[in-house]
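>>> After the sequence you'll find the predicted model.
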Amino acid sequence: MLAALARFIRLDRLARDRRGVSAVEFALIAPLLIALYMGAAQISLALSADRKVSGAALIVADLAAQRDTITNAQIADYFAGGRAMTAPFDGSGLALRISSVRMDPDGNVFLDWSVADGMAPAEAAPALPADLLAPGSSVIIVDAEMPFTTAFGDLFGSPVTLRDTAWLRPRRSGHVTNTSEPTGGVEAPPVELLPDPEPEPQPEPEPEPEPEPEPEPDPAPPPESDPEPVHCPPGHRRQGRC
């Protein structure tokens, strides 16, 4: 009986003891705070990696859109430049695909050519935004994909795949011709495409009219000579006849 009462008294003292409450509360809250901090850091890294993927797609599309003809070797160099844009992230897993989509004079949209590295080339023209193409024009499309693994990758399973697409119109001509790929594309309709419009000849400037010669001034009249004196005999001068 006394032993049971002593145990009750000790438990009552333990229940009323407030020492170590802060340590217990910190132990309960610390895992949640650490998880929030690490999660915010990983989200920031994921957003930065997503911007790198967008920049890589845009730089590849911009380089290709500046040409009127292109080869697969040049495209490989552009892909290497796009992967370099992902630094400090590992760009070796960046998959890229560049395609040229055209519209013929009748308004039919078709895939002209497509080259990819790390993913399959396009087999059909993708859905395009309205009013993006006009008859006889084209657009360069670059798709980019890169896996992103967080520090909690083992907890959340497979890595997150970051994707983006860049759209740019050619700058120097109506379309970019890939000399390494068959002309017409894998989906080209059986119609003959019109050649790129030639620049209109500039009108030649009209020759400026020659200035009219100034009229020559009239010759000055010769100076008048003084009249010669009249000889008057002495007798006539006295008579007032001179």
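Yep, it's here. Numbers count the residues shown, from 1 in each chain.

>>> Which positions in the strand ranked longest in the chain come out as buried?
With secondary structure taken from DSSP state E, the chain has its longest strand at strand 138-148. Buried residues in strand 138-148, counted by 16 or more other Cβ atoms under 10 Å: S138, V139, I140, I141, V142, D143, A144, E145, M146, F148. For the C-beta atoms, the positions are set from N, CA and C on the backbone; glycine is no exception.

>>> Relative to M85, which of the residues you listed is nearest.
Nearest to M85, judged by Cβ to Cβ, of these is A144 at 9.8 Å.

>>> list the contacts for the closest one?
53-54, 56-57, 60, 82, 94-96, 163-166 (Cβ atoms under 8 Å, 6 or more residues apart in numbering).

>>> which residue packs closest to it, ignoring adjacent ones?
A57 (3.9 Å; Cβ to Cβ, 6 or more residues apart in numbering).

>>> number of nearby residues for the one you found?
By other Cβ atoms under 10 Å, 27 other residues sit near A57.

>>> and if you look at the one 10 residues further on?
The number of residues packed near R67 is 18, by other Cβ under 10 Å.

>>> picking that back up, among the contacts of A144, which are in strands?
Within the contacts of A144, residues falling in strands by DSSP E are A95, L96, R163, D164, T165, A166.

>>> got the contact list for K52?
M85, T86, A87, F89, G91, M146.

>>> excluding its backbone neighbours, what's nearest the last one?
Pointing back at M146 there. Spatially, and ignoring its direct neighbours in sequence, M146 is nearest to L94 (4.5 Å; Cβ to Cβ, 6+ apart).
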